[in-house]
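Would you be able to build a 3D model of this:
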Amino acid sequence: MKVERTNNKRKSLPPKLIIKLGKFVWVTLWHMMMSKLAPRNTSGEYIRPSSYFRKFVRIEVDSQYQAVANRYSLIVGMGCPWAHRTLVVRALKGLEKILQVTVVSPSPIEGGWIFNQDYVGCRTLAELYQLAEAGYTGRCTVPVLWDNQTKTIVNNESAEVIVMLNSEFNEFAQNPTLDLYPKELKQKIDDWNDLIYTSVNNGVYRCGFAQTQEAYDKVCNELFTTLDKIEDVLSSNRYLCGNTVTLADVRLFTTLFRFDSVYYGLFKCNRRRIKDYQNLSAYLRDLYQLPGVADTCDVESVKQDYYGNLFPLNPGGIIPLGPDMAYLYEPHDRDRSYTRSVGLYK
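Below is the predicted model:
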């Protein structure tokens, strides 16, 4: 008796169709996730939302938020460049003894910042924002300048917090004569801040979060045009505004520190590394080697926070081993006359 064999092999979809279907599904999901992570305009360009809490700590006795030792705390994420600014100014001014730091870490599962240890009864940063203002529905970001007395958020805009730390706590600072925002340089500092914020600080995010090729091309060219301009200025100036370190340098530093390890690869800012610039790389080393600044820098947390938590940009969550940041300790060969005069170098 002849037995017919049946072919039980299942027919597979043509590879081309599988690829097209997979790409369609992934791109659709990617746009959905990016719309939550990074709001965009009609051209696909990332638009950063504004900060919400914008009150100011002042020296005056009649101020609602008076500058008092140990009244305020900084809440920061070690990977965040905006929070990092506040840590750098805190270190340069010598405010460590009177301004406590509390660290939060990003949770990709919960989609927000989590306290490493419960803080004022809160487990998440979102809960802290709710404590500060019941019913708050906005973004819960770091840094946060927290008032321990009134249990509220004074300010969550890093550009304003660093101005306060520079000027309002001199009575308690170990380096009270160091002025990072002097009157005679205010306009120059503000001009640099406007350019650097748009093209560099936020520029790297506009590259990484761009959702069209046109949006990416535009901002990437803008970013490197600005870096080239800064490289040229630093050929004759030690710092952005001359031989005086200012808040403009602080605001640029925290982006430069992250550039080669995160923005160059993950955010597609890969036309050139900071290490490849003669003046910018030496300038980065100069700032990094100012007393206390290196202690605020945690490259492993930076890589973990970006590569491990920005799922739409790195779905596999694999964290790169490099780059080697040891070069930041190499001599920078830039004039030290200013820093000696204010006692920043021993």
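
Quick one: the helices in the stretch 151-300 of the chain, in order.
Applying DSSP state H, counting those that start in this stretch to the stretch 151-300 of the chain gives helices spanning 158-167, 186-196, 203-208, 213-233, 247-258, 278-288, 299-309.

closest one to Pro108 among those?
Pro108 lies closest to helix 299-309 among the helices of the stretch 151-300 of the chain, at 4.6 Å (CB to CB). Any C-beta I mention is one placed from the backbone N, CA and C, and that applies to glycine too.

got JSON lines for the helices of the stretch 151-300 of the chain, with distance to Gly316 too?
Putting the helices of the stretch 151-300 of the chain into JSON lines (distance: least, CB to CB, whole Å) gives the following:
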{"stretch": "helix 158-167", "distance to Gly316": "31"}
{"stretch": "helix 186-196", "distance to Gly316": "32"}
{"stretch": "helix 203-208", "distance to Gly316": "17"}
{"stretch": "helix 213-233", "distance to Gly316": "21"}
{"stretch": "helix 247-258", "distance to Gly316": "20"}
{"stretch": "helix 278-288", "distance to Gly316": "29"}
{"stretch": "helix 299-309", "distance to Gly316": "9"}
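
Make JSON lines out of the ones you listed and add distance to Pro143, mean pLDDT and mean neighbour count.
Converted to JSON lines, the helices of the stretch 151-300 of the chain look like this (distance: least, CB to CB, whole Å; pLDDT from 0 to 100; neighbours: other CB atoms under 10 Å):
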{"stretch": "helix 158-167", "distance to Pro143": "5", "mean pLDDT": "97", "mean neighbour count": "22"}
{"stretch": "helix 186-196", "distance to Pro143": "17", "mean pLDDT": "98", "mean neighbour count": "16"}
{"stretch": "helix 203-208", "distance to Pro143": "17", "mean pLDDT": "95", "mean neighbour count": "24"}
{"stretch": "helix 213-233", "distance to Pro143": "24", "mean pLDDT": "97", "mean neighbour count": "16"}
{"stretch": "helix 247-258", "distance to Pro143": "11", "mean pLDDT": "98", "mean neighbour count": "24"}
{"stretch": "helix 278-288", "distance to Pro143": "19", "mean pLDDT": "98", "mean neighbour count": "20"}
{"stretch": "helix 299-309", "distance to Pro143": "14", "mean pLDDT": "94", "mean neighbour count": "18"}
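
distance of Cys269 from Tyr205?
Here the distance between Cys269 and Tyr205 works out to 10 Å (CB to CB, to the nearest Å).

Name every strand pairing with the strand or helix carrying Val103 and say which way it goes.
Using DSSP states H and E, Val103 sits in strand 100-107. If you go by DSSP bridges, strand 100-107 pairs up with strand 72-76 (parallel), strand 112-119 (antiparallel).

how far off helix 158-167 does the shortest one point, in degrees?
Relative orientation of strand 72-76 and helix 158-167, computed by axes from the mean of the first three to the mean of the last three CA atoms, to 10 degrees: 140 degrees.

Give me the contact list for the strand holding Val103.
70, 73-79, 87, 90, 112-116, 119, 125, 142, 146, 305, 309 (CB atoms under 8 Å, 6 or more residues apart in numbering).

change it to 7 Å
With CB atoms under 7 Å, 6 or more residues apart in numbering as the test, strand 100-107 has contacts from 73-78, 113-116, 119, 125, 142, 305, 309.

So the chain: which segments form each domain?
72-172, 183-340 (the TED database).

Low-confidence regions, the protein specifically.
Scanning the chain with the threshold set as pLDDT under 70 gives 1-14, 21-50, 335-346.

what about the helices in the stretch 1-150 of the chain?
Applying DSSP H, counting those that start in this stretch to the stretch 1-150 of the chain gives helices spanning 15-37, 81-93, 125-132.

Next, the angle from the last one to strand 112-119.
Comparing the axes of helix 125-132 and strand 112-119 via the same axes, to 10 degrees yields an angle of 70 degrees.

For helix 125-132, name the packing helices and strands.
strand 112-119, strand 152-155 (3 or more CB pairs under 7 Å, 6 or more residues apart in numbering; DSSP states H and E).

deepest of the strands paired with strand 100-107, which one?
Mean neighbour count (mean count of other CB atoms under 10 Å) peaks for strand 72-76 among the strands paired with strand 100-107, with a mean of 22.

which other residues reach that one?
Here strand 72-76 makes contact (CB under 7 Å, 6+ apart) with 57, 83, 86-87, 90, 99-104, 142-148, 154.
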